[in-house]
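[1] Got a sequence here, can you model it:
(2 chains)
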Amino acid sequence: MSFSRIAADLLKRNTTVSPVDLGVMRCWVFGLLFVHYARHDFAAFARLPAVLWRPPSWLRSVSMEFFEPSRVEALHVAWLVLLALACIGLWVKISSLGALLAGGVLLWFENTIAYANAKDVLIIWAMYALAVLSTPDQFSVDRLLFRRRFEAASRGAVLDKGEFFAIYFVRAMLALMFCSAAMSKLRTTGIDWGTHGTLANLFAAKALTGDRSPRVPGLAEALARHPMWCDVLARGILLLELSAPLVLVSQWARRVIAPALFVMLASFWLVLGISFPMTLVCFVFFLRFGDEMKLPKNATAPSRAVFDAGSRWCRACVRFLEKKAASKSLELTPADDPRADTLLRGAHVSWSRRCRWLLLKGDTAYRGSAAFIEMLAIMGGVWRLGCLLYLIPRCLRDPLSFRREA
Amino acid sequence: MTRSSGPGPAQSVFKMVRLLAFLVPVSIQSSYLFRQADGWLFENFSLFSAVSRPTRDTRYSINGLRQGDGAELHLDESAYWAPRDTRYSIYGVRQADGTELRLDESVYWAPLDLIRIRAALQLVARASKGDEARFLEALRERYRLNAERGRHGGPALESIRIYRVTYDWTAGVDHPTSKRTLVMER
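    Predicted structure coming up:
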């Protein structure tokens, strides 16, 4: 067994994803980058005096004059176009590689002026993962336009488990980032960081120096008055940051630690007015969007759906689907019907009433809201746009559809 | 065995390259767990790691012995805090009446943020007067452009003043004091 196979197996065990997941993540990352940087004036940095230019030693030969404002503006426009193409998934490999290159140069240039800000670092690694490590995904315009070529590449990608590399990479870099931050605190100030009111002092500095960064007014001031609670908070932060690598090996940790880290970063924004918007976007790599499983053998056409007949919402949807004549390509069976038992047993899948829907299509079984989205796709025409519902994380989408039934 | 049953050499090379593309950045970033170094893309993310407290500090400490059990108590908790903060503060002088207004908000200077501006001020303070003047001129231009684009409703400025302000809350968070010195004007 080769080293790459062992690595792929390790990734597979720790990163269970559906083929649509990586595509939706790509949409979110490139789309939000586009929104965030659409009005960002990179050329403003090119107009600053050259004394502020602080490139790394191995790039000292590059002059700041190379980044003249018109050139930076042109690169910015090119980056936005590439981001838009990469977001919708058109010529996805070329556009995402181009976006990585153009974005890398622009963000690097900005961070060589006076001060290197760490808050853009992770989003660059996310672009790198999507452009270099990922494989063709199931959620792109390419899939519609170049169907035949895409299906061949995608089949290879699924066998190859390429999507695991991209997702696991961003999670690894995120975990290392937090762990490095904790180690840095311990190295610089030792355990005192969590015991001698340093956090209270930071809040006091925010409150008393008239800092006007956008934050919840009065929160830092209130916290600064309780040094003991601030110490407890500081110790919690240290523990949380040190435990970040657990998200790479434990599903339980992913459910607890990843949201806690997200809340911690968001709290910096609320209390201190220091925002990490693009780092927060990278938490999308912890979410799941699709819900499907491969079947041991191909189900026969037409596609078959099992639904919860006890639910008014499901019954209403079934009536709607039958009225739209989608039933020609879709056979709908209530879960309490004996035919459903035979169908499920034949496909080697189990039914859970919690899912409400289960769709058998080709060699794949879809569950819950993912099954409903796939049924919309089967209806064809404008209903295919229902695939955009995949953009809502499964943890929000499934409960929403259940609540509607109640 | 047919030729198509196994991965071709090109595919194997591609997989190996991808594995390296995964492992190299992860390994480099992992090394930063064990060393302190500045950089960009790979770094310590040391934000707030040395909050208001020098790494080495020698000072007198006031301790007391509690009556009864003789336990030793720290009586100078604030000594650990270094409860002061010195930073550059940006003020604008109104064109209309010559009064000052504080401009320590990123909205006036976007896309430059205050952290970057303060770092830049430290650099130009060590550079020539010409660089200092060019930087303050660039700031004024940013202020004017952002006002034109409707990002802030600040008044037209006569000049920009940079003060070095020291805040001190040694006497407690309810009794802060501040002292400011004009260091640049344009």
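[2] what residue ranges in chain B score low on pLDDT?
    Chain B contains residues with pLDDT under 70 at B:1-7, B:50-83.
[3] contacting residues for the one residue sitting closest to the centre of it?
    When Cα atoms, centre = their mean is applied to chain B, the residue found nearest the centroid is residue B:115 (4.1 Å). By Cβ atoms under 8 Å, 6 or more residues apart in numbering or on different chains, residue B:115 lies in contact with A:115, A:117. Glycine gets a C-beta too; all of them are placed from N, C-alpha and C.
[4] after the strand or helix carrying it, next one along is what?
    Taking DSSP states H and E as the definition, one finds residue B:115 inside helix B:114-126. Downstream of helix B:114-126, the next assigned helix or strand under DSSP H and E is helix B:129-148.
[5] got a list of contacts for the next helix or strand after that next one?
    As assigned by DSSP H and E, the chain's next helix or strand after helix B:129-148 is strand B:157-168. With contact meaning Cβ under 8 Å, 6+ apart, strand B:157-168 is reached by A:205, A:208-209, B:83-95, B:98, B:100, B:103, B:121, B:136, B:139-140, B:143-144, B:176-186.
[6] dump the residue contacts of residue 112.
    With no chain named, the answer covers chain A. Applying Cβ under 8 Å, 6+ apart to residue A:112 gives the contacts A:53, A:54, A:55, A:56, B:40.
[7] Chain B was what I was after
    Residue B:112 sits in contact with A:44, A:45, B:106, B:120, B:139, B:142, where contact means Cβ under 8 Å, 6+ apart.
[8] cool, residue A:324 as well?
    Listed by Cβ under 8 Å, 6+ apart, the contact set of residue A:324 reads A:379, A:383.
[9] Now do it, the pLDDT please.
    With respect to pLDDT, residue A:324 scores 74.
[10] Residue A:275 touches residue A:269, doesn't it?
    Yes - using Cβ atoms under 8 Å, residue A:275 is in contact with residue A:269, at 4.5 Å.
[11] how about residue A:366, secondary structure?
    Following DSSP: H, G, I helix; E, B strand; the rest coil, the label given to residue A:366 is strand.
[12] Is it bridged to anything, and to what?
    Note on residue A:366: beta-bridge partners residue A:292, residue A:359, judged by DSSP bridges.
[13] so does stretch A:88-101 get close to chain B?
    No - between stretch A:88-101 and chain B, judged by Cβ under 8 Å from any Cβ of the partner chain, nothing touches; the nearest distance is 11.8 Å.
[14] So which residue is smack in the middle of chain A?
    By Cα atoms, centre = their mean, chain A has its centre lying nearest to residue A:284, at 2.1 Å.
[15] That residue: what's it in contact with?
    Contacts for residue A:284 (Cβ under 8 Å, 6+ apart) come out as A:25, A:28, A:29.
[16] Roughly how far does the residue in chain A sticking out farthest from the centre sit from chain B?
    When each C-alpha in chain A is compared with the mean C-alpha position (Cα atoms, centre = their mean), residue A:338 comes out farthest, at 40.6 Å. In this view, residue A:338 and chain B are 43 Å apart by Cβ to the nearest Cβ, to the nearest Å.
[17] Quick check, pLDDT for that residue.
    Here the pLDDT value assigned to residue A:338 is 85.
[18] what's the answer for residue A:105, then?
    Residue A:105 carries a pLDDT value of 94.
[19] same deal with residue A:389?
    What the model reports for residue A:389 is a pLDDT of 93.
[20] residue contacts, it?
    Counting by Cβ under 8 Å, 6+ apart, residue A:389 has contacts A:369, A:373, A:376, A:397.
[21] Which members of the contacts of residue B:112 are the farthest-apart pair?
    A:45 and B:106 (14.5 Å; Cβ to Cβ).
[22] Neighbour count for those two, which is higher?
    More neighbours surround residue A:45 than the other of residue A:45 and residue B:106, with 24 against 19 (other Cβ atoms under 10 Å in any protein chain shown).
[23] Go ahead and confirm that one touches residue B:110.
    No - counting by Cβ under 8 Å, residue A:45 stays clear of residue B:110, with 11.7 Å between them.
[24] what about the nearest residue to residue A:23 once chain neighbours are set aside, how many residues close to it?
    Setting aside the residues directly before and after it, residue A:23 is nearest to residue A:139 in space (Cβ to Cβ, 6 or more residues apart in numbering or on different chains), at 2.6 Å. Applying other Cβ under 10 Å, we find 24 other residues in the vicinity of residue A:139.
[25] do you know how far residue A:139 is from residue A:89?
    Per Cβ to Cβ, to the nearest Å, residue A:139 is found 7 Å from residue A:89.
[26] who touches both of those two?
    Residues touching both residue A:139 and residue A:89 (Cβ under 8 Å, 6+ apart): A:23, A:26, A:27.
[27] In helices, which of those fall?
    Of the positions in the shared contacts of residue A:139 and residue A:89, A:23, A:26, A:27 sit in helices, assigned by DSSP state H.
[28] Return the member of the residues you listed nearest to chain B.
    residue A:26 (16.7 Å; Cβ to the nearest Cβ).
[29] Where does the stretch 251-400 of chain A get nearest to chain B, residue-wise?
    Per Cβ to the nearest Cβ, residue A:274 is where the stretch 251-400 of chain A lies closest to chain B, at 7.9 Å.
[30] and that residue, what are its phi and psi?
    Backbone torsions of residue A:274, given as degrees, to the nearest 10, read phi -100, psi 120.
[31] Repeat that for residue B:103.
    Note on residue B:103: backbone dihedrals following degrees, to the nearest 10 are phi -120, psi 30.
[32] which strands and helices sit next to the longest helix seen in chain B?
    When chain B is parsed with DSSP H, its longest helix is helix B:9-31. Applying 3 or more Cβ pairs under 8 Å, 6 or more residues apart in numbering or on different chains; DSSP states H and E, we find helix B:9-31 packed against helix A:3-14, helix A:162-189.
[33] Where among the ones you listed is average confidence lowest?
    Among those, helix A:3-14 carries the lowest mean pLDDT, a mean of 58.
[34] Could you verify my assumption that residue B:138 touches residue A:49?
    Yes - if you go by Cβ under 8 Å, residue B:138 and residue A:49 touch, sitting 6.9 Å apart.
[35] out of those two, which sits in the busier spot?
    In this comparison of residue B:138 against residue A:49, neighbours counted by other Cβ under 10 Å, the higher total goes to residue A:49 at 22 against 19.
[36] so residue A:233 makes contact with residue A:199?
    Yes - look at residue A:233 against residue A:199 with Cβ under 8 Å: they come within range, at 6.0 Å.
[37] Give me the more crowded residue out of the two.
    Per other Cβ under 10 Å, whichever of residue A:233 and residue A:199 has more neighbours is residue A:199, with 25 against 19.
[38] Is the host helix or strand of the more buried one in proximity to chain B?
    Using DSSP H and E, residue A:199 sits in helix A:198-208. Yes - counting by Cβ under 8 Å from any Cβ, chain B has neighbours in helix A:198-208: A:198, A:199, A:200, A:201, A:202, A:204, A:205, A:207, A:208.
[39] what's residue A:392 in contact with, if anything?
    So residue A:392 contacts A:289, A:400 (Cβ under 8 Å, 6+ apart).
[40] what bits of the stretch 301-406 of chain A have low per-residue confidence?
    Along the stretch 301-406 of chain A, segments meeting pLDDT under 70 span A:301, A:325-328, A:401-406.
[41] Tell me where it has strands.
    Along the stretch 301-406 of chain A, counting by DSSP state E, counting those that start in this stretch, strands occupy A:303-307, A:330-334, A:357-361, A:364-367.
[42] Alpha carbons only: can I get the shortest one in CSV?
    The one in question is strand A:364-367. Taking C-alpha atoms only, strand A:364-367 is exported to CSV below (Å, rounded to 0.1, in the frame of the first residue of the first chain):
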residue,chain,number,x,y,z
THR,A,364,-26.9,7.0,-4.7
ALA,A,365,-29.4,7.4,-1.9
TYR,A,366,-30.2,11.0,-0.7
ARG,A,367,-31.7,11.7,2.7
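[43] Residues in contact with it: which ones?
    The contact list for strand A:364-367 (Cβ under 8 Å, 6+ apart) reads A:290-295, A:347, A:349, A:352, A:355, A:357-359, A:373-374.
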